[in-house]
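> below is the sequence, then the predicted model.
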Amino acid sequence: MRVEACCQALLEHLLPDLDPDRQGLCVDVGVGTFAFYCELFARLGFTTVAVEPSPTDKLRALCQQYPIQLIEQCLSDRVGTQTLHMGQFANLANSNFSSLAADWFGASGTTRSVPTLDLATLLSQVATPYITAFKLDIEGWEPVVIQQFAELATEQLPRVVMFEYGGGSSRAQGAKGWSPKFFEGTMTCLKVLQQKGYAFSVMVDYASGSRAKVFDLQAMDLAQESPFYANGVYGNILCFYQQRFPPERIQRICAPYRGGLANWLMSTFVS
């Protein structure tokens, strides 16, 4: 499954149902260098905030074009400064893998000090009646942020939360983003969201031949089970608050992003 393209399609179709009057705020945390979710949010007509400590020239241009509020910090659990371990992939510098976690598989020995803020401070800096969408892709640091959701009042809870999991290995291998520490962190994210009342969920995984998985987070015993595929690689989970969609609608949206280019072309021409 082409993860980012599929998830952007899901949000493009579903966000107008979640907030038809575009009254809420959309937040893109960990923008990176491609798959600019903040651009999608702004293009859909939502007030948008991008949180990214190392913005590219393209991101800066997008923020001026729409406009998008750019916060050049890392979202963490403290206000101050922390050490960002610069990303590396295939022995090449790649800021998409930069992490506040020193032991993240994509982190290198090159570091720099970055300003950080916690979730409460972020929310105090943005004027909005509520959050419509909260996208989180911060390379193994997701549970540090999502654990702060436990302190949010009901009216502060985003209508959809999307966070990344896994990476660098497969679930079966149990290494890198699937190592015990980071897998436990992913499960912590699910447990906190479950406790806050998130239910209808969609998982989109890169694993070959996989389909988007629709599940009810409230129906899962997270002490005994998880939603992940045995051959899972990496992906995003979208958890919705007090909103459900027909599973067949989810599969229709995701169908063009399964099975590579040939299947995408076929789906495009027959739909």
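It's in. Residues are numbered from 1 along each chain as shown.
> the stretch 51-200 of the chain: helices as residue ranges?
57-65, 119-125, 142-146, 180-195 (DSSP state H, counting those that start in this stretch).
> closest one to Leu10 among the ones you listed?
For the helices of the stretch 51-200 of the chain, proximity to Leu10 was assessed by Cβ to Cβ; helix 180-195 is nearest, at 17.0 Å. Bear in mind the C-beta positions are built from the backbone N, C-alpha and C, glycine included.
> output the contacting helices and strands for the following helix or strand past the closest one.
Toward the C-terminus, helix 180-195 is succeeded by strand 200-205 as the next helix or strand (DSSP states H and E). Counting contacts by 3 or more Cβ pairs under 8 Å, 6 or more residues apart in numbering; DSSP states H and E, strand 200-205 is packed against helix 3-18, strand 213-216, strand 234-240.
> please identify the most buried of the ones you listed.
strand 234-240 (a mean of 23; mean count of other Cβ atoms under 10 Å).
> and the helices of the stretch 51-200 of the chain as TSV, adding mean pLDDT and distance to Arg258?
Listed next are these as TSV, based on pLDDT from 0 to 100; distance: least, Cβ to Cβ, whole Å:
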stretch	mean pLDDT	distance to Arg258
helix 57-65	97	28
helix 119-125	95	34
helix 142-146	98	25
helix 180-195	98	23
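> now these in TSV, with distance to Ala219 and mean neighbour count?
What follows is the helices of the stretch 51-200 of the chain, written out as TSV (distance: least, Cβ to Cβ, whole Å; neighbours: other Cβ atoms under 10 Å):
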stretch	distance to Ala219	mean neighbour count
helix 57-65	38	15
helix 119-125	27	15
helix 142-146	20	23
helix 180-195	10	18
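> and these: which comes nearest Glu39?
helix 57-65 (5.2 Å).
> could you give the separation of that closest one from the chain centroid?
20 Å (Cα atoms, centre = their mean, to the nearest Å).
> can you check stretch 43-57 too?
On Cα atoms, centre = their mean, the centre of stretch 43-57 falls 14 Å from that of its chain.
> rewinding a little: would you turn the helices and strands packed on strand 200-205 into CSV with distance to Pro67?
As requested, these are exported to CSV (distance: least, Cβ to Cβ, whole Å):
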stretch, distance to Pro67
helix 3-18, 19
strand 213-216, 35
strand 234-240, 26
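> out of these, nearest to Val202?
strand 234-240 (4.7 Å).
> helices or strands up against that closest one?
Using 3+ Cβ pairs under 8 Å, 6+ apart, strand 234-240 sits against helix 3-18, strand 160-166, helix 180-195, strand 200-205.
> show me what that strand is in contact with.
1, 3-4, 7, 10-11, 18, 137, 159-168, 177, 189-190, 193, 198-207, 217, 227 (Cβ atoms under 8 Å, 6 or more residues apart in numbering).
> surely Arg78 and Leu119 touch.
No. Checked against Cβ atoms under 8 Å, the pair Arg78 and Leu119 is beyond contact range at 10.7 Å.
> run through the bridge partners of the residue positioned nearest the centre of the chain.
Nearest to the mean C-alpha position of the chain, counting by Cα atoms, centre = their mean, stands Phe163 at 3.0 Å. Beta-bridge partners for Phe163, by DSSP bridges, are Leu136, Ile237.
> which residues touch it?
Per Cβ under 8 Å, 6+ apart, neighbours of Phe163: Lys135, Leu136, Asp137, Glu142, Ile146, Cys189, Asn236, Ile237.
> coming back round to it: so for Cys254, which of the helices and strands packed on strand 200-205 sits nearest?
Nearest of the helices and strands packed on strand 200-205 (Cβ to Cβ): helix 3-18, 5.1 Å.
> how many residues are close by the residue nearest to Leu152 when sequence neighbours are not counted?
Leaving aside its chain neighbours, Leu152 sits nearest to Lys196 (7.3 Å; criterion: Cβ to Cβ, 6 or more residues apart in numbering). By other Cβ atoms under 10 Å, the residues close to Lys196 number 17.
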